[in-house]
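Participant: when you get a sec, could you give me coordinates for this:
(chains A, B and C)
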Amino acid sequence: MKRIWHGLLVVLLFAGVILAGCGAPPATSPPSAGGTESPQPQTTAPTTAPQQPATATQPPAAAPATEKTVIIGFTASLTGKLNVESTRQTNGLKLWMDQVNKAGGLKLADGTVVRFEAKFYDDESSKDRVQELYTKLVNDDKADFLISPYSSGLADASAVIAEQYERIMITTGAASEGTYQKGYTLVYQTYTPAGRYLTGAVDMLASLDPNAKRIAIVHENDKFSTDVVAALEKYAVAQGFEVVLKEGYDSGTTDFAPIINKIPANVDAIMGGGHFADGQQFSKAIYSKNLPIKFIALLVAPPEPTFAEIGDAAFGIVGPSQWEPLAAFTPDYGPTGAEFIEAYRAAYNEEPSYHAAGGYVAGLILQRAIETAGTLDTQAVKAALDSMDMTTFFGRIKFDTSPESHGLQIGHSMVYIQWQRDASGALTKQVVWPKEGKTADPVYPIR
Amino acid sequence: MSPGTIASSIADGLLIGIVYGIAAMGLSLIWGVMSVINLTHGALISLGMFGVYLLFTTFGLNPYLALIVVAFFGLLLGVLIYLIAIARVIDAPHLSSLLATFSVNMIIIGLGTAIFTTTPRDTGFSLGSVQIGPVTLQGTRLVAMVVTLIVAGALYAFLYRTRTGKYIRAVANNRAAAELMGIPSTAILALSFGIGTMLAAIAGGLISTFFSFTILSGGIYELKSFIIVVLGGLGNPLGALVGGLILGVLEGVLPLTMPNTWVPVIEFLLFVFILLVRPSGLLGGK
Amino acid sequence: MKQWLHPGFWITFVIVLALGLAPIVTQNASIREVMFTILLAISMAVSLNIILGYTGYVSFGHVVFFGLGGYLGMYLIDSWKASLPLAVLGGGAIAALLALALGASILRLRGAYFALATIGINEAARTFVANFEPFGGPTGIELHFSVYRDYGGPAQALWIAYYAVVGITLFAIVFSYLIKTSKFGLGLMSIREDEDAAEVMGIVTPRAKTLAFVFSAVLPGMLGVLFFFKNGNVEPGDAFRLHFSIETLVMIMLGGQGTLLGPVLGALGYQRLRGLLLTSDVKIGTLPLKDFQLVISGILLLIIVLFIPAGLVGWLRRRFAPLRRVLA
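Facilitator: Numbering: from 1, shown residues only, chains lettered A, B, ... in the order given. Alright, predicted model coming up:
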C-alpha cells in the first residue's frame, strides 16, 4: 500500500514539473504570434488588443479609435538584493500612471484618448532573465514604451532589447554613463549620470574650507561606485585637492575597520561609499573609531530615511541625492514637490525616496513627450524627447543629442543632503547644497 | 606605517576574528559529526540577526537576553531541520545532503525576503567604546568576545565533560560502532545539528549588535566560515575559533600592505591551497 | 556503432532538436529568448553531468568556466575586434586550460573536500577578475552597439547567438552520449562507484578524472561568450555567480544524475517552473505568489532530494524495467 502511495506521489510530482516544462512555451505566446515577429516591429500602430494580432494589415495611424491603451513594460526586482529601491521606483511609476488614468488619460492630436497600463515581471535583481523578459514584454505583451529596471547593470542589459525592437526606453535608477555611449538612439536617462554624483561635494568642501585639501576615497568595488569615484578623483585633482588614499572594498563588506585603520590621521574629508548596507555600516565604523574627519560624503545610503537608525553615527554625513522632498524647484510641468509627496504618502503610506520620485518622473517624461508629439509614433516621440527641456519637481530634464552619448541626462543635477540635529536634538535631513536650494547651512567640521 | 596603526589593525582583527570563529563553529561541528556541509548555515545566521533585532526593537528586550531566547529557538529549529530534511539523506552521497540543506536555505531566504524585504536593518544598539592608547575598541564587540569565549568554553565542557558530549564524539568518530554500543545515533545527530544551528544563531545575534544586516547577510559569513573551518581543521569546532582569529588578523593586517580589494583573492587562494596540501586543516590532527 | 541505435539517445536528441527549432520555425523572438535560457541551462547541466553524474565529483565551480570563457571572449571582441566564432573558440580554450590546470591539483581531493575547493576557486576567480584591469576590473567590459553591425544588426546578432547555442546544445548531447557509451566513460563510472577499486582495475584515475573535467569545462566556456555577447556587457558579479552553479546541480538532481536524458529534462523543468512562478499572477492571500517562488522551488527540491534521489529518469528506469531499453 505504502509503495503505491509513494509511486503515485512521485508520478504526480514529476507530471507537475514536466507539464510546467512542456506545456508552458505555447501558452506564454499568443497562438498567432508567429506572424507578428518581423524585422520591422509595428511601433507605428500599437496593438490595443492582443487577441487581434493581425497588425500587419492595420495601416499605420489609420482609423483612430476614440480610446487606446498604451502598454508600459518594465521589470522590477521584487526579490533579491535590489528589492527595496526597485519597489519604490515601481511605486512611483504606478502612482504617475494612476494619476494620468484617473484624470481621464492623455489626448492626442487626432482626438484619441490614451490610457496607460503597466506590464511587468520580476527580474530577481539578476541579469539572467532581463533580456528574456523584455523581449517577452515587447513581443507578447506588446509594450509600446519601456521603462528600465532599477540599477545600471540591469538597465544596460535591457537597453539592448529596447534598441533592437525600436522601442523608446526611459531609464531610471540607472546612473552609469556607459549605456549611453554605445551608439543607442532610443534610450533616455532620467538620473544625473554617475560622473556627477560627488563632484558637487568637492565644490561644497572648497567653499566651506579653502584649507581642506586632503581627501581619502573609499568605495565599493563595483561598476557604479567605481565610475563615480573615477570622475570624482579626476575632478578633485583638477580643483587642487590631494587624494591621499583610494581604496576599494568588496561588495557585501561589513567590517570596515581594516580600511579605516589605513586612513592617514591628517585627512580632511572622506568621500565614496557604494550602496545601502555598506554605506550605513561604513558611517557607523567611522564614528565608532572616533576619526577626526571634518567632512564625509557617501553615495546612496545617506538620503534613505532609515539611515538615521544608526543614530549619532549618521550626524553630519553628506549624501548626494537625485531628489529631495525639501528641495524647492518650481516646476514648469507636472505636479509640485509637495503635491507629489502628498499623493505618494496617501498611496503607499511612506515617505517617498528619490527612487520613487525617479520612477514617477520617468513616466512624466514620457507623458510630456507624447503630448508634444501628439502621437504615439516612435520617431515623433523621439523627436520630442530630443528637444525636451523642462523643469519638473525632480529638477531640470534635458538630454544629450550628440551621437557619442545620445540620451545622457545633461539638465538634471544632484542636491546634497546632510543629517543634522533639529532643536529637539532629533536627526533630520537638510538640503545643504547647492546654495540656491538649501534649507540649512552645512555643519562643518562635523567632528 | 605607525606602530599605533598596526596595533589597531591587530586588535580589530582579533575582535572580528573571534566573531568569525563562533560563526564557523557550528558549521565545523556539523561537519565533524555527520560529514554534512551545511549550506543553510548563512540563512541561520541571518535568522539569528533578525531574532535579536526583532526582540530588541519590538519588545525592548536587552540584546544579550534576547540572545538566550534566540539560542533556544535556534536549537529547536536545528533539531527540526535535521529530522525533516537531513535524517533521510544522512547516508546518501554528498550531493543529496548538500542539496537538502540548500533547499532549506532557499525556503528560509525566500520566506525572509517576502516578510522582511532586503532593506538593511540596524539595532541601533551601542555600548560606547574604550580607548587604549592608539586603539579604539567598541563596547559591543568586547562583549561579543566575552560571550563567544563563554559559549566556546561551555561547548568544550559539554563535549568533553558530559555523557551526551561523549556520545556526540563517539558518533563523530564511528557511527556504526557507537550504535553497536547502544548510543541512540538519530537523537545524537539531531542534537548535534541543533547545537550547530544554535551556534549559528548566536553568531548572527552577536553580529547584529554592531553591524547592519539584511536577510542575505549571513551568506557572507557562510563563505568566510568555509575558509575558517579549513584553517582550523574540518570537524574541529574549537579549532574554528583559532581559524577565525587567524582570518580576522589577516583581514586586519593585509590591507596595510596591499590594496584592500586583493585581500579576498588571497583569502580564497589560501583556502584552496590549504585544502590541497593539508585537507585536515592547518590545526587538524592526523 | 550499435550504441547509436539506442532509442534513449534519439529521444533525447529529438527533444533538444524540437526545442531548438521551435523559435526558428515560428520566427518568434520571445520564444527564442525563452529557449535561449532553457538551452543554455540544458547544455550547462549536460556538461556538468560529465564530471558530476559519470565521475561522481560534486563541483560548485561550473560557473567559473562559464564566467572566465565569457570574459575572455568579450575581451577578444572588445579589445582585439575578434569575430564571434573566434571569441567562442577562445572562451572554450581558456576554460579547457583552466580545467586542465585545476584538474591536476584539486581532483586529488575527494568528496566534500573537492566540493569545498570548487567554492573557493569560484570566489577566488570572482574577486581576482574584479581586480584585473585588462578585463575592466570592477566595471567589466561593455560592447559598443556597433559591434552587432558586423552581424547584420542587433536583431540578426541575437539570432546568430541563438543558432550557436542550439548547435552547442546538440553537440553536448552527442558528446555526452559518446562518453557515456565509451570505454573511457565506463572508466569514469567505475571511479564513481569505487575509486580505489577502479585504480586496481588498471584505470589511470588522475588522467581519466582530469580529462572528464576538461570535457565538462569546454562547453560552458563557449556558452559564456555567447551569453555575454548577447547581453552586451559582463561584470564580475554576473560572470561568477555561485548560485548559478548550484542551480545547475539542482537541474541534474531533478532529472537524474548520470543519465543522458535526465539533465535535459531537469533543466527544462526547472527553468520553466521558475519562469512560470516569476510571471504568474496568482495570489496567496494578499501576497502575490511571485514573492514565494524561492520557497516553492525549495520545497519541491527538498521533496525530490528526500524521496526520489535518483531523479526522474533514474526513478523511471528503476521502477519500470522495460523503460531501461528506451531511456538512456
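Participant: do stretch A:299-313 and chain B come into contact?
Facilitator: Yes: applying C-beta under 8 Å from any C-beta of the partner chain, one finds that stretch A:299-313 is in contact with chain B at A:306, A:309-312. No exception for glycine: its C-beta is placed from N, CA and C like everyone else's.
Participant: compare those residues and tell me which is most surrounded.
Facilitator: residue A:310 (24 neighbours; other C-beta atoms under 10 Å in any protein chain shown).
Participant: quick one: that one is in a helix?
Facilitator: Yes: Residue A:310: assigned to a helix according to DSSP: H, G, I helix; E, B strand; the rest coil.
Participant: that one contacts residue A:286, doesn't it?
Facilitator: No: contact criterion C-beta atoms under 8 Å: residue A:310 and residue A:286 do not qualify, at 10.7 Å.
Participant: name the nearest residue to whichever residue of the stretch 101-250 of chain A sits closest to chain B, sequence neighbours excluded.
Facilitator: Across the stretch 101-250 of chain A, the shortest distance to chain B (C-beta to the nearest C-beta) belongs to residue A:248, at 4.4 Å. Once flanking residues are discounted, residue A:248 sits nearest to residue A:221: 3.7 Å by C-beta to C-beta, 6 or more residues apart in numbering or on different chains.
Participant: ditto for residue B:76
Facilitator: Closest to residue B:76 by C-beta to C-beta, 6+ apart is residue B:194, at 7.1 Å.
Participant: what's the answer for residue A:141, then?
Facilitator: In space, residue A:141 is closest to residue A:119, 4.4 Å off (C-beta to C-beta, 6+ apart).
Participant: so which elements touch the helix or strand hosting residue A:282?
Facilitator: Assigned by DSSP states H and E, residue A:282 belongs to helix A:276-288. Contacting helix A:276-288 under the criterion 3 or more C-beta pairs under 8 Å, 6 or more residues apart in numbering or on different chains; DSSP states H and E are the following elements: helix A:257-262, strand A:269-273, strand A:295-298.
Participant: please save the CA atoms from that helix in CSV.
Facilitator: C-alpha atoms of helix A:276-288 as CSV (Å, rounded to 0.1, in the frame of the first residue of the first chain):
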residue,chain,number,x,y,z
PHE,A,276,22.9,51.0,1.1
ALA,A,277,24.1,48.4,3.6
ASP,A,278,27.8,49.1,3.1
GLY,A,279,27.4,52.9,3.3
GLN,A,280,25.4,52.6,6.5
GLN,A,281,28.0,50.3,8.0
PHE,A,282,30.9,52.4,6.8
SER,A,283,29.5,55.5,8.5
LYS,A,284,29.0,53.5,11.7
ALA,A,285,32.5,52.3,11.6
ILE,A,286,34.0,55.8,11.1
TYR,A,287,32.0,57.0,14.1
SER,A,288,32.9,54.2,16.4
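Participant: roughly how far is that helix from the heart of the chain?
Facilitator: 23 Å (C-alpha atoms, centre = their mean, to the nearest Å).
Participant: what's the angle between that helix and strand A:269-273?
Facilitator: In terms of direction (axes from the mean of the first three to the mean of the last three C-alpha atoms, to 10 degrees), helix A:276-288 departs from strand A:269-273 by 160 degrees.
Participant: for residue A:141, see how far away the closest residue to residue A:139 other than its chain neighbours is.
Facilitator: The spatial neighbour of residue A:139 that comes closest, neighbours along the chain excluded (C-beta to C-beta, 6+ apart), is residue C:30 at 3.9 Å. As for residue C:30, its distance to residue A:141 is 9 Å (criterion: C-beta to C-beta, to the nearest Å).
Participant: elements contacting the one helix or strand residue B:76 maps to?
Facilitator: Element membership for residue B:76, per DSSP H and E: helix B:63-81. Applying 3+ C-beta pairs under 8 Å, 6+ apart, one finds that helix B:63-81 makes contact with helix B:41-59, helix B:139-161, helix B:185-208.
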